[in-house]
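# sequence and predicted structure are below.
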Amino acid sequence: MPRLKPIQRPRIDDFSLHRLEEADPSSLLGGDPRTSDRFEAARFAAETGVEGRGVLAGADLAGIEFSECELDGLDLSDTRLVDARLREVRMTGVTASVLTGHGGGWRDVVVESSRLGAAELYESRWNSVVLRGCKLGFVNLRASELVDVLFEDCAIDELDLGDATATRVAFERCSIDTLEVSHARMTDVDLRGADLGEVRGVASLRGAVVSFEQLMGLAPALADGVGLRVE
(Lines give C-alpha, C1' and ligand atoms only; values in the text may rest on other atoms or scores of the structure.)
Protein backbone atom coordinates (compact mmCIF):
# COMPACT_ATOMS: atom_id res chain seq x y z
CA MET A 1 0.00 0.00 0.00
CA PRO A 2 1.55 3.35 -1.04
CA ARG A 3 2.59 5.66 1.76
CA LEU A 4 0.34 8.68 2.04
CA LYS A 5 1.99 12.07 1.83
CA PRO A 6 1.47 14.33 4.85
CA ILE A 7 -1.18 16.96 4.30
CA GLN A 8 0.19 20.38 3.39
CA ARG A 9 -0.81 23.35 5.50
CA PRO A 10 -1.88 26.68 4.04
CA ARG A 11 1.08 28.81 3.00
CA ILE A 12 0.18 32.16 4.47
CA ASP A 13 2.33 35.10 3.43
CA ASP A 14 3.19 37.51 6.22
CA PHE A 15 2.74 41.20 5.52
CA SER A 16 3.03 44.37 7.57
CA LEU A 17 1.20 47.64 7.14
CA HIS A 18 3.38 50.67 7.86
CA ARG A 19 2.90 54.41 7.51
CA LEU A 20 -0.75 54.21 6.60
CA GLU A 21 -2.47 57.51 5.93
CA GLU A 22 -5.62 58.04 7.98
CA ALA A 23 -8.48 58.41 5.53
CA ASP A 24 -12.15 59.23 5.90
CA PRO A 25 -14.22 56.20 4.79
CA SER A 26 -16.55 58.57 2.96
CA SER A 27 -13.73 59.20 0.50
CA LEU A 28 -14.46 55.73 -0.89
CA LEU A 29 -17.87 56.85 -2.09
CA GLY A 30 -16.63 58.90 -5.03
CA GLY A 31 -18.34 62.00 -6.25
CA ASP A 32 -15.01 63.86 -6.16
CA PRO A 33 -13.14 64.12 -9.49
CA ARG A 34 -9.88 63.67 -7.60
CA THR A 35 -10.88 60.25 -6.28
CA SER A 36 -10.34 56.95 -8.06
CA ASP A 37 -11.32 53.35 -7.50
CA ARG A 38 -7.81 52.38 -6.36
CA PHE A 39 -6.56 53.07 -2.83
CA GLU A 40 -3.09 52.39 -1.43
CA ALA A 41 -1.44 52.63 2.00
CA ALA A 42 -4.53 53.99 3.77
CA ARG A 43 -6.41 53.22 6.98
CA PHE A 44 -10.17 53.58 6.86
CA ALA A 45 -11.56 53.52 10.40
CA ALA A 46 -14.91 54.35 11.96
CA GLU A 47 -13.39 56.97 14.27
CA THR A 48 -11.89 58.90 11.34
CA GLY A 49 -15.18 59.20 9.45
CA VAL A 50 -17.45 62.19 9.77
CA GLU A 51 -20.53 59.91 9.74
CA GLY A 52 -19.22 57.10 11.91
CA ARG A 53 -19.01 53.38 11.23
CA GLY A 54 -22.10 53.18 9.01
CA VAL A 55 -20.99 55.57 6.29
CA LEU A 56 -20.35 52.71 3.83
CA ALA A 57 -23.54 50.76 4.56
CA GLY A 58 -25.40 50.26 1.30
CA ALA A 59 -22.57 51.75 -0.77
CA ASP A 60 -21.73 50.51 -4.26
CA LEU A 61 -17.97 49.89 -4.29
CA ALA A 62 -17.97 47.48 -7.23
CA GLY A 63 -14.58 47.15 -8.89
CA ILE A 64 -12.71 48.93 -6.08
CA GLU A 65 -9.05 48.06 -5.41
CA PHE A 66 -7.34 48.14 -2.02
CA SER A 67 -3.59 47.68 -1.71
CA GLU A 68 -1.79 47.78 1.66
CA CYS A 69 -4.88 49.08 3.42
CA GLU A 70 -6.67 48.59 6.73
CA LEU A 71 -10.43 48.69 7.32
CA ASP A 72 -11.24 49.02 11.00
CA GLY A 73 -14.63 48.92 12.73
CA LEU A 74 -16.73 49.65 9.65
CA ASP A 75 -20.30 48.56 8.99
CA LEU A 76 -20.43 47.10 5.47
CA SER A 77 -24.07 46.00 5.58
CA ASP A 78 -25.51 45.83 2.06
CA THR A 79 -22.22 47.14 0.67
CA ARG A 80 -21.42 45.97 -2.88
CA LEU A 81 -17.82 44.83 -3.28
CA VAL A 82 -18.47 42.99 -6.54
CA ASP A 83 -15.24 42.30 -8.48
CA ALA A 84 -13.21 44.07 -5.77
CA ARG A 85 -9.44 43.51 -5.68
CA LEU A 86 -7.77 43.30 -2.26
CA ARG A 87 -4.03 42.84 -1.77
CA GLU A 88 -2.29 43.07 1.61
CA VAL A 89 -5.45 44.18 3.37
CA ARG A 90 -6.42 43.80 7.01
CA MET A 91 -10.06 44.06 8.13
CA THR A 92 -10.70 44.26 11.87
CA GLY A 93 -14.03 44.53 13.67
CA VAL A 94 -15.97 44.73 10.42
CA THR A 95 -19.69 43.95 10.54
CA ALA A 96 -22.25 43.31 7.81
CA SER A 97 -25.76 41.91 7.79
CA VAL A 98 -25.34 41.22 4.06
CA LEU A 99 -22.08 41.62 2.14
CA THR A 100 -22.05 41.22 -1.64
CA GLY A 101 -18.55 40.59 -2.97
CA HIS A 102 -18.75 37.91 -5.63
CA GLY A 103 -16.19 37.78 -8.41
CA GLY A 104 -13.51 39.44 -6.30
CA GLY A 105 -9.82 38.66 -5.97
CA TRP A 106 -8.31 38.54 -2.46
CA ARG A 107 -4.56 38.01 -2.00
CA ASP A 108 -2.80 38.35 1.35
CA VAL A 109 -5.91 39.34 3.29
CA VAL A 110 -6.62 39.01 7.02
CA VAL A 111 -10.14 39.37 8.46
CA GLU A 112 -10.20 39.48 12.27
CA SER A 113 -12.87 39.76 14.98
CA SER A 114 -15.60 40.45 12.44
CA ARG A 115 -19.28 39.48 12.14
CA LEU A 116 -20.86 38.76 8.78
CA GLY A 117 -24.47 37.65 8.49
CA ALA A 118 -24.64 36.64 4.83
CA ALA A 119 -21.50 36.92 2.70
CA GLU A 120 -22.12 36.41 -1.01
CA LEU A 121 -18.56 35.74 -2.19
CA TYR A 122 -19.15 33.16 -4.89
CA GLU A 123 -16.91 32.89 -7.97
CA SER A 124 -14.10 34.61 -6.08
CA ARG A 125 -10.37 33.94 -6.07
CA TRP A 126 -8.66 33.80 -2.67
CA ASN A 127 -4.93 33.33 -2.18
CA SER A 128 -3.26 33.50 1.24
CA VAL A 129 -6.36 34.56 3.18
CA VAL A 130 -6.92 34.25 6.95
CA LEU A 131 -10.23 34.61 8.80
CA ARG A 132 -9.59 34.72 12.54
CA GLY A 133 -12.00 35.05 15.45
CA CYS A 134 -15.01 35.74 13.22
CA LYS A 135 -18.72 34.99 13.59
CA LEU A 136 -20.04 34.04 10.17
CA GLY A 137 -23.62 33.27 9.20
CA PHE A 138 -23.99 32.08 5.62
CA VAL A 139 -20.75 32.19 3.62
CA ASN A 140 -21.26 31.53 -0.07
CA LEU A 141 -17.97 30.61 -1.76
CA ARG A 142 -19.58 28.46 -4.43
CA ALA A 143 -17.50 28.03 -7.59
CA SER A 144 -14.61 29.95 -6.02
CA GLU A 145 -10.89 29.18 -6.20
CA LEU A 146 -9.31 28.98 -2.74
CA VAL A 147 -5.56 28.53 -2.37
CA ASP A 148 -3.84 28.75 1.02
CA VAL A 149 -6.81 29.75 3.17
CA LEU A 150 -7.02 29.43 6.96
CA PHE A 151 -10.14 29.68 9.13
CA GLU A 152 -9.09 30.08 12.77
CA ASP A 153 -11.35 30.37 15.84
CA CYS A 154 -14.41 30.97 13.68
CA ALA A 155 -18.05 30.06 14.28
CA ILE A 156 -19.76 29.40 10.94
CA ASP A 157 -23.46 28.67 10.54
CA GLU A 158 -23.26 27.56 6.90
CA LEU A 159 -20.33 27.36 4.49
CA ASP A 160 -21.02 26.66 0.81
CA LEU A 161 -18.01 25.30 -1.10
CA GLY A 162 -20.07 23.65 -3.80
CA ASP A 163 -18.27 23.53 -7.18
CA ALA A 164 -15.27 25.25 -5.57
CA THR A 165 -11.60 24.37 -6.05
CA ALA A 166 -9.86 24.30 -2.67
CA THR A 167 -6.11 23.78 -2.21
CA ARG A 168 -4.37 23.88 1.16
CA VAL A 169 -7.38 25.05 3.17
CA ALA A 170 -7.48 24.43 6.93
CA PHE A 171 -9.83 24.97 9.86
CA GLU A 172 -8.48 25.41 13.38
CA ARG A 173 -10.76 25.55 16.42
CA CYS A 174 -13.80 26.25 14.26
CA SER A 175 -17.41 25.13 14.25
CA ILE A 176 -19.42 24.63 11.05
CA ASP A 177 -23.10 23.83 11.47
CA THR A 178 -23.66 23.05 7.78
CA LEU A 179 -20.96 22.39 5.19
CA GLU A 180 -21.86 22.08 1.50
CA VAL A 181 -19.16 20.51 -0.69
CA SER A 182 -21.07 19.05 -3.63
CA HIS A 183 -18.88 18.82 -6.75
CA ALA A 184 -15.98 20.53 -4.99
CA ARG A 185 -12.40 19.66 -5.97
CA MET A 186 -10.18 19.42 -2.91
CA THR A 187 -6.46 19.05 -2.33
CA ASP A 188 -4.98 19.17 1.18
CA VAL A 189 -8.17 20.41 2.84
CA ASP A 190 -7.85 19.83 6.58
CA LEU A 191 -11.19 19.58 8.37
CA ARG A 192 -9.83 18.03 11.57
CA GLY A 193 -9.93 21.31 13.46
CA ALA A 194 -13.62 21.87 12.77
CA ASP A 195 -16.60 20.78 14.83
CA LEU A 196 -18.76 19.59 11.94
CA GLY A 197 -22.53 19.45 11.90
CA GLU A 198 -24.31 18.46 8.71
CA VAL A 199 -22.13 17.80 5.65
CA ARG A 200 -23.77 17.83 2.24
CA GLY A 201 -22.15 16.22 -0.78
CA VAL A 202 -19.86 13.92 1.20
CA ALA A 203 -18.88 12.11 -2.01
CA SER A 204 -16.90 15.23 -2.93
CA LEU A 205 -14.70 15.09 0.19
CA ARG A 206 -11.97 13.32 -1.77
CA GLY A 207 -8.75 15.23 -1.12
CA ALA A 208 -9.81 16.29 2.38
CA VAL A 209 -8.66 14.85 5.70
CA VAL A 210 -10.91 14.24 8.71
CA SER A 211 -10.35 12.77 12.14
CA PHE A 212 -11.55 9.32 13.13
CA GLU A 213 -14.28 10.86 15.27
CA GLN A 214 -15.45 12.98 12.34
CA LEU A 215 -15.47 9.90 10.12
CA MET A 216 -17.85 8.18 12.51
CA GLY A 217 -20.18 11.15 12.28
CA LEU A 218 -19.99 11.11 8.48
CA ALA A 219 -20.55 7.36 8.21
CA PRO A 220 -24.34 7.47 7.68
CA ALA A 221 -24.05 10.04 4.89
CA LEU A 222 -21.16 8.13 3.30
CA ALA A 223 -23.13 4.91 3.41
CA ASP A 224 -26.15 6.58 1.88
CA GLY A 225 -23.99 8.13 -0.82
CA VAL A 226 -22.69 4.78 -2.04
CA GLY A 227 -26.00 2.98 -1.53
CA LEU A 228 -24.69 0.90 1.36
CA ARG A 229 -27.30 -0.73 3.49
CA VAL A 230 -26.44 -0.98 7.18
CA GLU A 231 -28.42 -3.29 9.48
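Sure thing, it's come through. Everything numeric here is computed off the predicted structure, so don't read it as measured data. Numbers count the residues shown, from 1 in each chain.
# can you show me the helices along the protein?
In the chain, the helices defined using DSSP state H lie at 212-225.
# lowest confidence element among the helices and strands of it?
Every helix and strand of the chain was ranked by mean pLDDT, DSSP states H and E. The lowest is helix 212-225, at a mean of 76.
# buried stuff in it?
By neighbour count with 16 or more other C-beta atoms under 10 Å, helix 212-225 contains the buried residues 214, 217-218. Using the backbone N, CA and C atoms, a C-beta is placed for each residue, glycine as well.
# same list (those) but as a markdown table, adding distance to residue 18.
As requested, the buried residues of helix 212-225 are exported to a markdown table (distance: C-beta to C-beta, whole Å):
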| residue | distance to residue 18 |
| --- | --- |
| 214 | 41 |
| 217 | 46 |
| 218 | 46 |
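# ok, the residues you listed vs residue 177, which is closest?
residue 217 (13.1 Å; C-beta to C-beta).
# start to end distance for stretch 55-64?
One end of stretch 55-64 sits 16 Å from the other (C-alpha to C-alpha, to the nearest Å).
# what separates it from the chain centre, distance-wise?
Offset of stretch 55-64 from its chain centre (C-alpha atoms, centre = their mean, to the nearest Å): 18 Å.
# contacts for that stretch?
With C-beta atoms under 8 Å, 6 or more residues apart in numbering as the test, stretch 55-64 has contacts from 25-26, 28-29, 37-39, 49, 74-85.
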